[in-house]
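Visitor: A structural model of the following input is requested.
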Amino acid sequence: FLGNVWFNFQITFLISSTLRFSSLLLLSRVHDSRSTSTREVIQQLTRTNPRILQSIRRLQRSGDVEEKLKATEALGEARTSIAVSELEMALRDPNPQMRAEAAHALGEIGDTGAVQALLHAIQDPGSGLVESAAQALGRIGDRGACATLLNLLWDTEVIQQLTRTNPRILQSIRRLQRSG
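Guide: Below you'll find the model as predicted:
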């Protein structure tokens, strides 16, 4: 009796594996300009270790701010694009320190897929992320963010906020104005 059960299990596993592999082959032909290629996903997954997955899980599920901050920091240090969507959601966290750490982590990762979320955060006056998001966008280095960042130079409220938190920013802005 056990022989038949084992044989049935093997057949079921073989069929399941064949169907999964076939679906991957069929899906590889579907292309979306906004999606990540299969090759990139596989590369990210091979570089991903259990600690990264645990950090993503802690960021998603933990109610403790300190634990979420540690998880966010770990994801930024790991520099894996697999965490970008979770960090983008953390940009809307109610805790301002959490939002700033998420912006910092996105800058550390450097994935251009995070640019739109950071630009949205920078343009939302209630987010409190002007400085953190601007620094993250600078680290990412996507030219598409330049127009929004340059428009910030004309917003006196933003300039006042930035110079209160980091006086060296005003010096950098003055240098940019002189060179441009």
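
Visitor: lowest-confidence helix or strand of this structure?
Guide: Scoring the helices and strands of the chain by mean pLDDT, DSSP states H and E places helix 168-179 at the bottom, with a mean of 56.

Visitor: and the residue nearest to Thr112 when sequence neighbours are not counted, how many neighbours?
Guide: Distances taken as C-beta to C-beta, 6 or more residues apart in numbering put Asp142 closest to Thr112, at 4.9 Å, once the chain neighbours are dropped. No exception for glycine: its C-beta is placed from N, CA and C like everyone else's. Each residue near Asp142 was counted by other C-beta atoms under 10 Å, and the total is 17.

Visitor: low-confidence ranges in this protein?
Guide: By pLDDT under 70, the low-scoring segments of the chain are 1-3, 32-38, 41, 44-48, 125, 153, 155-156, 158-180.

Visitor: tell me where it has helices.
Guide: Along the chain, counting by DSSP state H, helices occupy 2-27, 38-47, 50-61, 65-78, 84-90, 96-109, 115-123, 130-140, 146-152, 156-165, 168-179.

Visitor: so how far is the longest one off the chain centroid?
Guide: Centroid displacement of helix 2-27 relative to its chain, using C-alpha atoms, centre = their mean, to the nearest Å, is 35 Å.

Visitor: same deal with the third one?
Guide: Average the C-alpha atoms of helix 50-61, do the same for its chain, and the two points are 13 Å apart (C-alpha atoms, centre = their mean).

Visitor: all set now, cheers.
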